[in-house]
Structure formats: structure tokens, C-alpha cells
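Undergrad: Sequence plus predicted model, see below.
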Amino acid sequence: MLNPGDKAPYFELPDQDGNKVKLTDYAGKNLVLYFYPKDDTSGCTKEACSFRDNLPSFEGINAAVVGVSPDPVKSHRKFADKHSLNFTLLSDENKDMLTEYGVWKEMTRCGKQFMGVERTTYLIDDKGVIKQIFNKVKVDGHTAQVQKALSK
């Protein structure tokens, strides 16, 4: 279980263009690392578009936004193109990063159990330390919550 004050676990995953992206690429910046279940579903699209629409204000507070899901690179590319997403999406098909960050969990919906991504956002400071964790994120108002936390 990760907690605020812990060093963020290292990652290296392909983005929507197949380029390798590493945690260390964000040294010196605040990182909004948000985990979401699936490309192009209603809640995930709403969350991504909210980050897209507010990206200039994140850049204004020295923060980068990165989304992570188990979807493949091609799916991320289609999702990014369809919704004009202007930030990085990482593909964790092996679910290694999802597991390490504690967001790949057993879930229950309609009485059925399955493994899936619990919508979670990590704020990582410019030194790679976890500043805050938002668990079981509700999409409405989340972007504003994250901005407020980063502005402190």
C-alpha cells in the first residue's frame, strides 16, 4: 500500500505513440498520474476531456497530466485522436504498474466479481514523492480537486 510521503514507484511504459515514457521524464515537475479503467467509456472519456480542457492551468502550476489504463497502445491512439487529448496516455497491458500502484483490484458489480482498475489519482511532486492520493475517484469535480491540491 502506497501512502503520501512514499517515493513513487518507477515505471517505464509505452505511450499512445509507442514511445517509452518513464517516471524520471517528469523530474522537476509535479505529476498528475491518473488511473482509469477503459478507453472511450463514458466516465473515462468525461475524466480525460476534463483534464484536456484544463491542461493549460496544470501547466501553469508546473504539472504534467498522464493517464494510465490496461488498454493497448492502438486503443490509446484512437481514444486520444477521437477526443483531441493533449496529454500522455500510458499502456499497461501486463498490469505491472497498475498492481504496483495498488489500483488493479478485485471488484464487484451486479453481483459478479472481476479484476479491474479502481479509478485513482496520484499527485507526485517534483522530486518523485507521492504528495496525495485520491482513491475511488468520482469524475464530477475531480479535476478541480486535483488543481486545488496542487496549488497548496
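TA: All right, it came through fine. Numbering: from 1, shown residues only.

Undergrad: Can you tell me which residue is spatially central in this structure?
TA: Tyr34 (1.8 Å; C-alpha atoms, centre = their mean).

Undergrad: Secondary structure class of it, three-state.
TA: Following DSSP: H, G, I helix; E, B strand; the rest coil, we place Tyr34 in the strand state.

Undergrad: how many other residues sit next to the residue nearest to it when sequence neighbours are not counted?
TA: Distances taken as C-beta to C-beta, 6 or more residues apart in numbering place Thr121 nearest to Tyr34, at 4.3 Å, with adjacent residues excluded. Every residue, glycine included, has its C-beta placed from N, CA and C. Using other C-beta atoms under 10 Å, Thr121 is surrounded by 24 other residues.

Undergrad: Could you do Phe35 as well?
TA: 24.

Undergrad: what's the spacing between the least confident helix or strand in the chain by mean pLDDT and its chain's center?
TA: Sorting the helices and strands of the chain by mean pLDDT, DSSP states H and E puts strand 104-109 at the bottom, at a mean of 87. When distances are taken as C-alpha atoms, centre = their mean, to the nearest Å, strand 104-109 is centred 18 Å away from the chain's centroid.
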